[in-house]
Structures are given as C-alpha cells and as structure tokens.
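Student: Predicted model follows, preceded by the sequence.
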Amino acid sequence: MKCPGLSDFQRLMISLENSLQLEDTKWKVPAFEGGTLKGTDISLTHYEQAILWIDEVTLRFRFYPETFGLAVSILNRILASVKVQVKYLRCITVTCLFLAAKTNEEDEIIPSVKRLAVQSGCMCSPAEILRMERIVLDKLQWDLCTATPVDFLNTFHAMLMSNLPHLFHDCLRMNPSSHLALLTRQLQQCMACHQLVQFRGSTLALVIITLELEKLTADWFPAITELLKKAKVDSAKFILCKELVDQHLGMLSPSNHVYVFIPAKRNPQAYHKQKSSACSPQPISRNMNPPIPGVLISAKKQTEEEIMETEFYDGFRYLYNEESVSEDRIIKEMISGKAQLQEARCPCPLLQSPGQDQ
C-alpha cells in the first residue's frame with residue numbers, strides 16, 4: 001500500500017519494518033538432530049529434496065518466486081510444529097505449494113487440484129491434497145501471511161538501488177532486474193540447504209546481496225553496513241551465514257567449460273584423430289550429429305542456465321520500468337556482452353584453423 005507524500009525510500013523502510021515484525025512473530029524452522037528432523041524419520045536429504053521439488057514445480061507452472069518463498073515458509077512452519085512422517089512429506093509439500101499459489105498467483109495461473117496432482121508428479125490424489133490442505137490450515141490457524149526470504153531480497157535490493165542508482169551504469173549485460181533475477185536464483189538454491197535453515201530470511205537475503213555486491217563495486221561496505229543497521233541483523237550470525245552461503249554457492253558453481261574447435265573445411269572425426277590442438281582429450285563420438293563448422297561447442301547446461309536466467313529476468317523487468325528499453329540498445333548489449341562472456345568463460349586461447357596461419 002502506497003503512502004501519499006512519502007518518498008520511495010521511506011515506503012521501502014515501512015515495508016521493511018512490517019516484514020521484520022512479521023518475521024519476529026511468524027518465523028519458525030525445523031530443528032535437525034543426528035541427521036534427521038527431530039522426532040521424525042525425515043532425513044536431511046528428504047528435506048532438501050522437498051525444497052528442490054518445490055522449485056522444480058514452481059518453474060514448471062511458471063509461478064512467481066514469491067510463491068516459492070511462501071511455500072517453503074509454510075512447509076518450515078508445519079515441520080517445526082508437527083512431527084511428520086516421511087511418507088506424508090510429499091503430500092504436505094505439494095499442499096504448501098498449492099496454498100502459496102492461491103495466495104500469490106493470479107486466478108488464471110492457479111491450477112486446479114486435479115491438474116496440479118497430475119502435472120506435478122506428486123503421486124497424491126486430489127482428495128488427499130484437499131484433506132491435507134485443511135490440516136495445514138488448521139495447524140497454522142488459517143494464517144499464511146509471513147515475511148519470506150524472497151520478500152526481504154526484493155526490499156533490500158530496491159533499497160540498494162535507491163542508494164546506488166549508477167551501480168550498473170557500465171555493465172552491458174547487467175541491470176537492476178537481471179541482477180535481482182540472478183540473486184533470486186541463488187537465494188532459492190540456498191533455501192534448499194539444511195545448514196542455512198537456521199538463519200532468518202532477512203539475514204540470508206542480505207548475505208546473498210553482500211556476496212554479489214562485493215564483485216561489482218569497491219564501495220560495497222558502506223551500503224551493506226547501512227542495510228545491516230536498518231535490518232537489525234546480528235553481526236555474528238551475519239558473518240557465519242556469509243561463510244556458509246559462500247561455501248554452498250561455490251559448490252554449486254559449474255566448472256570451467258571445455259571447448260573444441262572444429263575447422264570449417266575439415267572432417268571433425270578425421271581432424272580429431274590427428275595430433276592437432278584440441279582443448280579436450282576425450283574422443284568425439286562417431287554417433288554424434290555433425291556440429292556446425294567453425295562454431296565453439298559448449299556444454300548443454302550452459303544453455304539451460306541462460307534460458308532460466310532469461311525467464312527470471314522477464315519476470316523482474318517491470319519492477320524497474322525496463323520495458324521501454326529500445327531494441328537497438330538490447331541488440332548492442334547482447335552482441336558486446338556475448339563477446340565478453342565468451343572470452344571470460346573460455347579457459348583456452350583463441351583457436352584458429354591451421355590453414356589461416358599460412
């Protein structure tokens with residue numbers, strides 16, 4: 001709700017204070033003991049797989065990131081309040097996502113219970129989901145409103161852009177909305193880590209922003225210090241969370257891509273058998289479809305990640321009024337950015353065809 005006469009930053013401060021109050025009263029997380037959820041047979045792996053499954057179904061139905069955050073928060077509150085057997089975990093998980101979708105999504109996006117049960121692959125019947133929905137609502141006293149890590153991330157990022165409006169001025173492929181989409185993906189990955197469940201959403205969101213801001217500017221410390229004061233985050237917990245998040249994201253980072261250059265005028269298999277330069281020692285499969293000549297071939301995972309980042313980017317553009325960007329500027333940024341990213345990612349020097357040296 002907008003308050004007339006207040007600046008954007010003042011409205012953000014009001015939103016942050018309201019979220020912090022909700023977090024103080026509603027924040028609950030499951031306690032793990034001896035590799036399992038205390039008092040249950042749910043292991044750490046079961047819990048992490050449940051969060052990752054929520055993320056997968058969220059992308060499949062194109063739900064908002066806020067829906068994912070709310071679904072995880074509802075699930076954590078249930079697991080912290082009730083001793084759940086692992087055989088009911090999937091049904092509870094899909095029910096939490098269904099409740100979050102009905103809270104955040106538009107009516108035309110919300111799937112029917114039957115469609116959700118079939119397309120999500122939850123192995124639950126619509127009747128079971130409806131019965132579990134009533135149980136979850138009763139346990140939470142029909143109060144699903146809470147502040148999620150995704151909510152804090154959106155608020156902190158908007159406050160950061162208010163303090164540092166020229167942060168992405170010199171970045172060709174980065175702007176506020178694409179940056180927020182990147183941070184959101186990192187946050188979702190961290191929310192599936194059982195070691196990070198112990199930290200509040202405000203702390204986790206601020207750590208994600210801090211780690212990314214350190215890579216972008218040397219003036220990150222004053223801006224983060226100001227956010228720490230406003231968010232009233234404990235310094236010791238912040239430092240511990242920062243170390244764990246840095247370690248977790250480092251484990252998820254893909255290894256360096258290996259490229260193989262296929263000359264345009266040579267047969268790929270025959271050329272590979274010769275002792276000419278190649279970045280990969282592994283032989284090229286004979287059953288492989290012939291690659292496009294003169295093109296660098298990279299792993300398929302890179303393309304999937306770029307598509308996922310583009311989808312998230314489109315979801316955040318409206319937050320920063322970036323719909324009016326001209327097509328010429330977009331094309332220019334894509335061409336320039338692609339060249340820089342390719343140079344930065346490829347560990348091999350630029351390769352040339354043997355015939356070009358003559």
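Tutor: The structure has been received and is ready for your questions.

Student: Where does pLDDT dip in the stretch 151-300 of the chain?
Tutor: 169-172, 253-300 (pLDDT under 70).

Student: Could you verify my assumption that L140 touches I74?
Tutor: Yes: with contact defined as CB atoms under 8 Å, L140 reaches I74; the gap is 7.2 Å. For the C-beta atoms, the positions are set from N, CA and C on the backbone; glycine is no exception.

Student: Compare the two (neighbour count), which wins?
Tutor: Shown here are L140 and I74; by other CB atoms under 10 Å, I74 has more neighbours (25 against 19).

Student: May I ask you to confirm that that one belongs to a helix?
Tutor: Yes: assigned with DSSP: H, G, I helix; E, B strand; the rest coil, I74 falls within a helix.

Student: Quick one: residues contacting it.
Tutor: I74 sits next to C96, L99, A100, V136, L140, L144, T146 when contact means CB atoms under 8 Å, 6 or more residues apart in numbering.

Student: pLDDT value on the closest residue to the last one other than its chain neighbours, please?
Tutor: By that I understand T146. The shortest distance from T146 to any non-neighbouring residue, by CB to CB, 6 or more residues apart in numbering, is to K26 (4.1 Å). The model reports K26 with a pLDDT of 88.

Student: close enough to count as contact, K26 and N76?
Tutor: No: counting by CB under 8 Å, K26 stays clear of N76, with 10.3 Å between them.

Student: Between those two, tell me which one has more neighbours.
Tutor: The neighbour comparison of K26 against N76 (other CB under 10 Å) goes to N76, with 22 against 16.

Student: all helices in this protein, in order from the N-terminus.
Tutor: Here the chain has its helices, by DSSP state H, at 8-26, 44-60, 65-81, 89-104, 113-119, 126-139, 149-163, 176-191, 201-216, 220-231, 235-252, 268-273, 300-316, 327-345.

Student: Report the rounded mean pLDDT for the third one.
Tutor: Average pLDDT, helix 65-81: 94.

Student: What residues sit buried inside it?
Tutor: 65-79 (16 or more other CB atoms under 10 Å).

Student: ok, now the fourth one?
Tutor: Using 16+ other CB under 10 Å as the test for burial, helix 89-104 gives 89-101, 104.

Student: same thing with the second one?
Tutor: For helix 44-60, the neighbour count (16+ other CB under 10 Å) marks H46, Y47, E48, A50, I51, W53, I54, D55, V57, T58 as buried.

Student: how about the nearest residue to the last one, chain neighbours excluded?
Tutor: Spelled out, that is T58. In space, T58 is closest to F68, 4.4 Å off (CB to CB, 6+ apart).

Student: which residues sit in contact with the one you found?
Tutor: Counted by CB under 8 Å, 6+ apart, F68 has contacts I54, D55, T58, A100, V150, Q188.

Student: Need these in TSV (columns: distance to I208).
Tutor: What follows is the contacts of F68, written out as TSV (distance: CB to CB, whole Å):
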residue	distance to I208
I54	18
D55	15
T58	18
A100	21
V150	10
Q188	10
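
Student: now the residue nearest to T58: how far from V86?
Tutor: Applying CB to CB, to the nearest Å, the value for F68 to V86 is 22 Å.

Student: same deal with D151?
Tutor: 29 Å.

Student: Which one of these two is surrounded by more residues?
Tutor: Just comparing D151 and V86: by other CB under 10 Å the higher neighbour count belongs to D151, 24 against 15.

Student: doesn't E66 make contact with the more buried one?
Tutor: Yes: using CB under 8 Å, D151 is in contact with E66, at 6.8 Å.

Student: ok, back up a step: need the max-distance pair from the contacts of F68.
Tutor: A100 and Q188 (13.5 Å; CB to CB).
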